[in-house]
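K.L.:
3D, please:
(3 chains)
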Amino acid sequence: MNAADPNEVLKDEVLKDEATLQLDAHGNLRHLLTLKGLDKSLLIDILDDAQQYLTEPGELPARGRSLVGRSVANLFFEASTRTRASFDLAGKRLGADVLNLDVNTSSRKKGESILDTIYTLEAMHVDIMVVRDASAGVPAFIARHVLPHVSVLNAGESDVSHPTQGLLDILTMRQHKGSFENLAVAIVGDIRHSRVAMSASHALSALGVGELRLISPPVLAPEPDSVPGARILDNLEQGLADADVVMALRIQRERIGNLDGIPGIDEYFANYGISYESMKFAKPDAIVMHPGPMNRGIEIEGSLADGPQSVITQQVTNGVAIRMAVLDRVGNTMAPR
Amino acid sequence: MNAADPNEVLKDEVLKDEATLQLDAHGNLRHLLTLKGLDKSLLIDILDDAQQYLTEPGELPARGRSLVGRSVANLFFEASTRTRASFDLAGKRLGADVLNLDVNTSSRKKGESILDTIYTLEAMHVDIMVVRDASAGVPAFIARHVLPHVSVLNAGESDVSHPTQGLLDILTMRQHKGSFENLAVAIVGDIRHSRVAMSASHALSALGVGELRLISPPVLAPEPDSVPGARILDNLEQGLADADVVMALRIQRERIGNLDGIPGIDEYFANYGISYESMKFAKPDAIVMHPGPMNRGIEIEGSLADGPQSVITQQVTNGVAIRMAVLDRVGNTMAPR
Amino acid sequence: MNAADPNEVLKDEVLKDEATLQLDAHGNLRHLLTLKGLDKSLLIDILDDAQQYLTEPGELPARGRSLVGRSVANLFFEASTRTRASFDLAGKRLGADVLNLDVNTSSRKKGESILDTIYTLEAMHVDIMVVRDASAGVPAFIARHVLPHVSVLNAGESDVSHPTQGLLDILTMRQHKGSFENLAVAIVGDIRHSRVAMSASHALSALGVGELRLISPPVLAPEPDSVPGARILDNLEQGLADADVVMALRIQRERIGNLDGIPGIDEYFANYGISYESMKFAKPDAIVMHPGPMNRGIEIEGSLADGPQSVITQQVTNGVAIRMAVLDRVGNTMAPR
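P.N.:
Numbering: from 1, shown residues only, chains lettered A, B, ... in the order given. Coordinates of the predicted model:
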């Protein structure tokens, strides 16, 4: 086969069937590429597994030995500190040897192709590839080309998807709200460019969430019909009305004031910022979420992020547990040892 | 609370009380922020612990299991190879999972605040934060905000303090000179900008050193009264006269010849360089120290650094042992496992 | 001694006697600096050891415990992803603590000397130094200055040598061809600047290879007599005629079209590219090798690299096994534990 051209990766035939690609012949999770199309029962199983990896602050973190002897590569073609650290700790706490490779995209273009990098790691007995990439379709493209025993985990894919983030988000909601049927969830911010919003939407949809609202300035709204069942709104008061869960998204500072229809920082905060003021529209016991890193004072009020309604650090804790649950699960689909 | 503004960190109320902040309710070491104000008995205990982590070259390095299951983050906001490597090995040799995060200050300003980074790591069950920063007050600032079971270790703080360096320095002196009461210690170089000189001075003062002399060109002398009990000198012959210990400091090449009163390299070496020639003023059995990395031929004569009086590589060996002793000690103050 | 000046390292007296320097008093391998001058029996022993570290894809990679408690530093003064990853995994799979230090050459010149870096690591009980450097003579220079129990492994040295690559190449040939006596091996490309070609030639020469041909445009031919016994050719058809093994070398894109006598990419591929077309000259069961990373379409046809004659990913797998065998071997010459 030829070298992977990131531009080719975008082709339709590559993007389709991600959901089926990620299951093996027995219906077990082999790759984690997207939450779109995953069964509710599988999602619940992952949440249940992750729940068992949680311990109290100050206690030793949960550990396991299911990846002892296995090698995991964190292949980050896009910079990340927190997601990389989360996967790094998750792998080490399951006993894996973890290889951290930070490869920026420009050097990738000059050097060898993505696939040659993957084949090289595969030949070194790296059996789990954790991939973050700024191009859509790269994780699925890799998954189509690896050996039958190798697993690919999507750690953030362009504006498309960030499945472990979606899982940690629904785990956090379940811990506070129990079930999803009667829940009103409001996601606020740059919906159009948010892989976080996409993956949360996929998961909430599979779980039969009561109501999903996506709130943004019109210019940052999602494509119509890109999120079936969601209500698209541009008014924060309507969006947060009686919401149980309010998730603020990180907005790229470069975007603010530089796109038609996006105001400056102060106006953005006034109209779309999640604050003690705007939280009055939501239910009194609503929880506040944010995927991090936060722009305090832009998309979220700093003191709210540190206040009693905030579950933001709990999301981080859940992130490690979710990644352990997923690593453990794909490790189990590998050849018997 | 609000995000940490590095400039705010400098405020007086943050800098005071570091010494008490670093002990828990039982007087045990919880953080290591500064040597200033630490009890002599605690310092001696740490030296005694470190001494037990020393083995001969070629033997296996000393190891322990007290941090098995714990996670340590090396959070270096200022570049470092040797201190980072020393903490990395110290953590691994005690069984910890070590996360290396090199974050430069400029990206820190663009991205999330220091505290949000800390809260994120804390939420990932990272219980020991090893922090190096170019701004004064950052380690104490962090220590004030972490959860009760989390420990912060200062791995180099602006011009203020470098406590593990101070500990390894006094361990090295004790190994060669036994006790401190009758010792004359001369520290030579850019005293004004040296966290190494500050931490060594704090420790030597607590141990009741016989005589402490700080020798530098006048423009690089410390603030008057910043080091109580020390003699401030600008003449190398007087400073080294009958000294038992001579410690050369690294001078930033950028400073030489660029500040009023600082001569060029040759003149600096002639007047303040530690050499076979200048060591004639000191006692015949005086030891030569340097924190590294050395500018050979500027602040120290290369062949002297490699000669029999030099204990410079022994300082490095002691550095790993001191860091193991400190990691082990703060690990013990954490919640029971 | 004085600080290492990389320019001084090139002096003749430093380069000679590498072969004897790397053995200890009992003839055991202490350093791996070059394959030149190594005994056939020692080479065979290393291949036999490496063979035992191979497992099937999907199985757990081979592991050992011979380096538990030892510390290995990967000291890469020249960037590398695959060789660094290979040594990293090899060290971890033998139980070592691995320290990855990527130090670029420019910072080395500003900062401390090579030897001071080495003395520092040595003082931290790092007993195995894996060194890659763009200057000739650096690994041997370091090996001359380390303590008696410390080992230095050359992970790529300028245009001079890359011994673990040479070992993995001959292991791969042996797996497919059995013995070397009747083998015709053709190495094609930028021979003049290739440490890969040099180390393969040294090894093949020691093993009594039937015929060694080095094929390149005249301007990229090796110095006359630099590879005793090899045939130097500039015609691909003659070079590949009835060859059993064909190894394509990576060519630096900067060189193509920028040196007198080197054509553009298309002409280079037409005249020196290893392709289905050019492979017709070789034996039908000839194997195709490449050290990676590949420039597909320049020195090698992409589909050939992925086809049945290619053993390129097997080379990568063998690379980890060879590095484990070498690490294990030098670990055994260290002081008893």
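K.L.:
which residues in chain A form strands?
P.N.:
In chain A, the strands defined using DSSP state E lie at A:71-76, A:97-102, A:126-133, A:151-157, A:184-188, A:211-215, A:231-233, A:245-248, A:287-289.
K.L.:
output the ones you listed as TSV; include the columns mean neighbour count, mean pLDDT and distance to C:V219.
P.N.:
(Each C-beta comes from the backbone N, C-alpha and C, glycine too.) Compiled in TSV, those are given as follows (neighbours: other CB atoms under 10 Å in any protein chain shown; pLDDT from 0 to 100; distance: least, CB to CB, whole Å):
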stretch	mean neighbour count	mean pLDDT	distance to C:V219
strand A:71-76	24	96	38
strand A:97-102	21	90	35
strand A:126-133	26	96	39
strand A:151-157	26	97	43
strand A:184-188	26	98	62
strand A:211-215	22	98	62
strand A:231-233	17	97	64
strand A:245-248	27	98	62
strand A:287-289	25	98	63
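K.L.:
can I get these in a markdown table with distance to C:I298?
P.N.:
Below are those laid out as a markdown table (distance: least, CB to CB, whole Å):
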| stretch | distance to C:I298 |
| --- | --- |
| strand A:71-76 | 25 |
| strand A:97-102 | 24 |
| strand A:126-133 | 25 |
| strand A:151-157 | 29 |
| strand A:184-188 | 48 |
| strand A:211-215 | 48 |
| strand A:231-233 | 49 |
| strand A:245-248 | 49 |
| strand A:287-289 | 50 |
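K.L.:
so A:G292 sits right up against A:Q314, yeah?
P.N.:
No: with contact defined as CB atoms under 8 Å, A:G292 does not reach A:Q314; the gap is 11.8 Å.
K.L.:
check contacts around the closest residue to A:G239 other than its chain neighbours.
P.N.:
Nearest non-adjacent residue to A:G239, counting by CB to CB, 6 or more residues apart in numbering or on different chains: A:I215, 3.5 Å away. Shown here is A:I215, whose contacts under the criterion CB atoms under 8 Å, 6 or more residues apart in numbering or on different chains are A:A186, A:I187, A:V188, A:G189, A:I191, A:L233, A:D234, A:N235, A:L236, A:G239, A:L240, A:Y272.
K.L.:
is the first one in a bridge, and if so with what?
P.N.:
With DSSP bridges applied, the residues forming beta bridges to A:A186 are A:R213, A:V246.
K.L.:
how close does it get to A:E301?
P.N.:
As judged by CB to CB, to the nearest Å, A:A186 and A:E301 stand 16 Å apart.
K.L.:
who in the stretch 201-337 of chain A is up against chain B?
P.N.:
A:292-294, A:296, A:302-303, A:306, A:313-317, A:319-320 (CB under 8 Å from any CB of the partner chain).
K.L.:
could you redo the last one with a cut-off of 10 Å?
P.N.:
Residues of the stretch 201-337 of chain A lying close to chain B by CB under 10 Å from any CB of the partner chain are A:250, A:253, A:292-297, A:302-303, A:305-306, A:312-321.
K.L.:
looking at A:G292 and A:Q314, which one has more neighbours?
P.N.:
Using other CB atoms under 10 Å in any protein chain shown, the more surrounded residue of A:G292 and A:Q314 is A:G292, with 23 against 18.
K.L.:
list the contacts of whatever residue of the stretch 101-250 of chain A ends up closest to chain B.
P.N.:
Here the stretch 101-250 of chain A gets closest to chain B at one residue, A:R250, 9.5 Å apart by CB to the nearest CB. A:R250 makes contact with A:189-190, A:193-194, A:196, A:290-295, A:298-300, B:112, according to CB atoms under 10 Å, 6 or more residues apart in numbering or on different chains.
K.L.:
near chain C, anything from stretch A:54-68?
P.N.:
Yes: contact between stretch A:54-68 and chain C, assessed by CB under 10 Å from any CB, occurs at A:V68.
K.L.:
which residue packs closest to the residue of the stretch 151-300 of chain A found nearest chain C, ignoring adjacent ones?
P.N.:
Residue of the stretch 151-300 of chain A nearest chain C, by CB to the nearest CB: A:S151 (11.2 Å). Take A:S151 and drop its neighbours on the chain: the residue closest to it by CB to CB, 6+ apart is A:V330, 3.9 Å away.
K.L.:
straight-line length of stretch A:232-245, end to end?
P.N.:
16 Å (CA to CA, to the nearest Å).
K.L.:
quick revisit: quick one, which of the residues of the stretch 201-337 of chain A next to chain B are buried?
P.N.:
Those of those that meet the buried threshold are A:250, A:292, A:294-296, A:302, A:305-306, A:312-321, by 16 or more other CB atoms under 10 Å in any protein chain shown.
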